[in-house]
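Asks: Pasting the sequence and the predicted coordinates here, then a few questions.
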Amino acid sequence: MARPTSFAHEQAGANNQPLQTGRLSSVKQILYPAVTGGTDRRDGQSSRVSQGSRVLLVRQREERSRINQCSCSPMQHRRVGSGSALGIYVYISAAAKDHSGPAIVLSVLGVGVVSWIVGSCYSELSCRVPQMGSCYLYSYTIFGELVAFLVGWNLILEAVITIALAAQSLSDHLDVLSDGQLAGWMRRDLGRLPWDQQSSPDIVAVGVIAVVAAAAICAKKKCSLTVQACLFVLHLLVVIAVIFLSLFHVNPSNWGTDSDFFRFGPQGVISGAALLMSSLSGVKSIAMTAEEVRKPSRNIPIAHTLSVMICSVTLFTLSAFLTLSAPADLFAEHAPVLRLFEDLKVRNSKYLLGVGAVCGLLLVIVNQIQYAERLIYSLARDKLLPVRLFARWNIRSNTPWCCRLMVACFAGVICLTVPFRCLLETISVGVLISFALTCMAVVMVRYDPCQIGLGKGNPLRKSISAESFVMSRVSSELSEATTNSEVSHSVSLTLKETAILLTAEKGTTMYSVDRFPAIEEECSSTSSGDGLPDLRTYRRVVNAVIWTGICSLVLGAVVRFGPATGEPLGWLALSTSFSLIFLNICCALYIYRAPTNQMMLVYSAGGVPFLPVAAMMCLCVMLFHLPAVAWIRWSAWSSLGLIMYFTYSRSRSTEGAPPAKEIFYSNEMAMQSI
C-alpha cells in the first residue's frame, strides 16, 4: 500500500510553501482505507469503520507550530493598548459629549462588568478550542455554519471600521501637532466630500495604514512584537501623565447637580455604554491569538483578566478626571484630549500627549489589522472565502499577507470616502452580537452531552496548531460506528496519544480523548447514568436559552422605545421590563437545574448560567440603543454576506464538501507499520 500524503504536504501545497520536513521527523503517518471489510493488524484483531468517517489522531509535537510564538505579555500589549487608546482618544469624549455627559463614569463601570463576564466566557471557549477564529469558531461549533459566517463577516467589517477610525483619529492628532497645516492642505488640494462638505478625503490616514501594513508584511514577527511592546510602554507612560495633569485641573462644579450629572438620563448612560463596548472589545483579539499562544490554558485567562481590569480602571479614571476638568459639552470632536489641555493652558502638553496618542493609535491599527487578517484566514481555511487568495502565508512575517493587503485597502477606501462622525455612528453592532452569542455558547456547551474541546490533563492543549489537524467533515454515521464494539477494540493507543474528532453535525466541534474507546463515551448522544446530560435535557436547555434571548431582545426594545417612568403608561413599560427580567431569571434557574457535562475543564467561567444570561440581557439592551444608521449598515452588509454565502461559500465550504474516506494515525513515537 502506498504511503499517503501527510497533512503537512497538503498545507504546504495550499499555501504555495515548501514543506518543512523537520517538523514531522520521527513520525510515520499510516493510511488505512475505510472499508467495510476487516483490515489485519499486528495484534490479530480486525478493524471495521463506517464509510464516510475520518478520525485524525494527532501526536503532541516537540516543536511549536510556525505561529505558536506568543506568551501572555504580547497579548496584553495588543489588548490593553488597543482598548485603552481607542477609548481615551476617541470614545470617551464622543460618549460624554453626545450620549452620557458626566455620567460616562457609570457607563464605564457597566461596560467593565459586562466585559469581565464576556472575557471569562471567551477564556473558557478559548481553552476548550485553542484555535484561530474567536467568536466565528465558537459560533461554528455551537450554532452552525451560516450563523458563524454572518458573525465572521460582520466582525471583519467592524475591524476594518476600527482601523479607519483609528487612522483618521491619528490624522487629527498629527494635524493638531502641525497647528492645522495638514487639514488646511487636504481641504485646499483635495477638496471636500460631495456628501459631507465639512470633511475632506483623509489621505494622511490612508498613508498611515499603508505604511503600517507594509511594515507588518515585511518585518519578522519577533520584530513586530518588540515594536508593539515599545508602543505600548510609551502609550502607558503618557496615560499616567494625563492622569497626573488632570489632578491639577479638577473642578467638581463641572459635574454640577444631579440633573446636570444625568443630563441625558438613563437612556444616555446606556447609549454611552453601547459605544464604549468597542473600546473594551479586545477580548476577541486575545481569543483570536489562542492558536499562537504558549500554554493557552494558563495565558489566555490571565491575559483576559488583567487586560479587562487595567482597561476598566484606566478608562474610569480618565473619564472621571476629564469630565471634572472641563464641561463635557465643550469636548472637541477631533483630538479632544489634546485640545482640552491646550484650552487649559498646559504648556507643551500637546507634544507629550501627541506622542502617546500616536503610539496608542498605531497600536490599535496594528492590532486590528492582525485581528481582521486572522479572521479572514479562518474563514478561508474553512473554504467560506477563496482559499487560493486568502490562505497564502508570508514566510518572513508568518502572516497571511493577502488578507493583510485586502484589509489595508478596504480601510483606506473607507478613510477616503466616509467621514469621522459617520464611522463613530456605525460601529459596535457586530461586537455586541458576537458577545451575546459567546455568552449563549458557553451556556449551551456546558450542558451538551458531548465533551466539546480539550479537557483537563489533555497533553495536546499546549501545542494545537493549524498544522496539527485539518478541519474536516465527518459523517453522522460515525456515531453509529463508535457504538459498535468492534470499533472499541479496533485500535490500541498508548497513553501519550491524543485524538481530536471533528464532526459535521457541530461544525468544527472538537472532542478530545485519551484513548480511542473513550469516543464511545464522549460522543454518545444519550447518557445512561443519573445526573448526566443526554439529548433530551440538552434540547430543553437549548429551548431555555432561545427563550432567554427572545426575552432579552424584547427587554431591549421596551427599555429603548417604551415610555419613560414619569410619562403616561410609563408604569406599563416598567412592569413589562421587570416581568421580562423575572422570566430570564426563571429560565436561568431552569438551566441551572439541568444536568451538566462532567468534563474536567482547564478553565471554566464562573456563575454559569446566571452571569452569562445577565450579560446577554445587558448586551441586548445596548444593541437597541445604537443609532439607526448602525443597524442600516449592519443590515446592508449582512445582506451582502448572505448573497456571498449562498452563491459561493455554501457549496465550497468544508462542511459542504463530500466526506473523506480515510483514517489518519500518528504517534508521538515513531510508529511502525501495523
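Replies: Happy to help now that I have it.
Asks: Centroid-nearest residue for this structure?
Replies: Lys284 (2.6 Å; Cα atoms, centre = their mean).
Asks: Can you name the residues in contact with the helix or strand encompassing that residue?
Replies: Using DSSP states H and E, Lys284 sits in helix 283-288. With contact meaning Cβ atoms under 8 Å, 6 or more residues apart in numbering, helix 283-288 is reached by 75, 78-79, 82, 115, 118-119, 122, 125-126, 132-135, 155, 300, 303-304, 307-308, 367-368, 370-371, 374-375, 431, 434. For the C-beta atoms, the positions are set from N, CA and C on the backbone; glycine is no exception.
Asks: which parts of it are buried?
Replies: In terms of neighbour count (16 or more other Cβ atoms under 10 Å), helix 283-288 has its buried residues at Val283, Lys284, Ser285, Ile286, Ala287, Met288.
Asks: pull the helix or strand with minimum mean pLDDT from this protein.
Replies: Confidence across the helices and strands of the chain bottoms out at strand 30-33, with a mean of 26, counting by mean pLDDT, DSSP states H and E.
Asks: that older thread, next SSE downstream of the helix holding Lys284?
Replies: Counting by DSSP H and E, the next helix or strand C-terminal to helix 283-288 is helix 296-325.
Asks: same for that following helix, what does it pack against?
Replies: Secondary structure elements in contact with helix 296-325, counted by 3 or more Cβ pairs under 8 Å, 6 or more residues apart in numbering; DSSP states H and E, are helix 72-86, helix 92-95, helix 104-128, helix 221-247, helix 283-288, helix 336-343.
Asks: What residues of that helix count as buried?
Replies: By 16+ other Cβ under 10 Å, the buried positions in helix 296-325 come out as 296-304, 306-308, 310-312, 314-325.
Asks: Any idea how far that helix is from the middle of the chain?
Replies: How far helix 296-325 lies from its chain's middle: 17 Å, per Cα atoms, centre = their mean, to the nearest Å.
Asks: Quick one: mean pLDDT over that helix.
Replies: For helix 296-325, mean pLDDT rounds to 87.
Asks: residue ranges with poor pLDDT in this protein?
Replies: Applying pLDDT under 70 to the chain flags residues 1-83, 257-259, 394-398, 456-530, 565-566, 656-674.
Asks: All the strands of it, residue numbers only.
Replies: Per DSSP state E, the chain carries strands over the ranges 30-33, 39-40, 46-47, 56-58, 498-502, 510-513, 662-665.
Asks: quick one: contacts for Leu384?
Replies: Applying Cβ under 8 Å, 6+ apart, the residues contacting Leu384 are Glu145, Phe149, Gly152, Tyr645, Ser649, Arg652, Ser653.
Asks: make it 7 Å
Replies: Contacts for Leu384 (Cβ atoms under 7 Å, 6 or more residues apart in numbering) come out as Phe149, Ser649, Ser653.
Asks: Which members of the residues you listed occur in helices, if any?
Replies: Phe149 (DSSP state H).
Asks: Including distance to Leu247, could the contacts of Leu384 go into a markdown table?
Replies: Putting those into a markdown table (distance: Cβ to Cβ, whole Å) gives the following:
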| residue | distance to Leu247 |
| --- | --- |
| Phe149 | 49 |
| Ser649 | 54 |
| Ser653 | 56 |
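Asks: If you go by neighbour count, which of the contacts of Leu384 are buried?
Replies: When these are checked for burial by 16+ other Cβ under 10 Å, the buried set is Phe149, Ser649, Ser653.
Asks: The first one contacts Ser649, correct?
Replies: Okay, so that is Phe149. Yes: the pair Phe149 and Ser649 qualifies as a contact (Cβ atoms under 7 Å) at a distance of 6.2 Å.
Asks: picking that back up, can I get the helix holding Lys284 as PDB, trimmed to CA atoms?
Replies: The C-alpha trace of helix 283-288 is given here as PDB (Å, rounded to 0.1, in the frame of the first residue of the first chain):
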ATOM      1  CA  VAL A 283     -11.300  40.100  24.500                       C
ATOM      2  CA  LYS A 284     -12.000  38.900  21.000                       C
ATOM      3  CA  SER A 285      -8.400  39.900  20.000                       C
ATOM      4  CA  ILE A 286      -6.900  37.700  22.700                       C
ATOM      5  CA  ALA A 287      -9.200  34.800  21.800                       C
ATOM      6  CA  MET A 288      -8.100  35.200  18.200                       C
END
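Asks: what about it, distance to the chain center?
Replies: Worked out by Cα atoms, centre = their mean, helix 283-288 lies 5 Å from the chain centre.
Asks: Gly412 and Ala205: what is the separation?
Replies: Separation of Gly412 from Ala205 (Cβ to Cβ, to the nearest Å): 8 Å.
Asks: How about Ile585?
Replies: Relative to Ala205, Ile585 is positioned 47 Å away (Cβ to Cβ).
Asks: So for the two, which sits in the more crowded spot?
Replies: It is Ala205, of Ile585 and Ala205, that has more neighbours when counted by other Cβ atoms under 10 Å, with 27 against 16.
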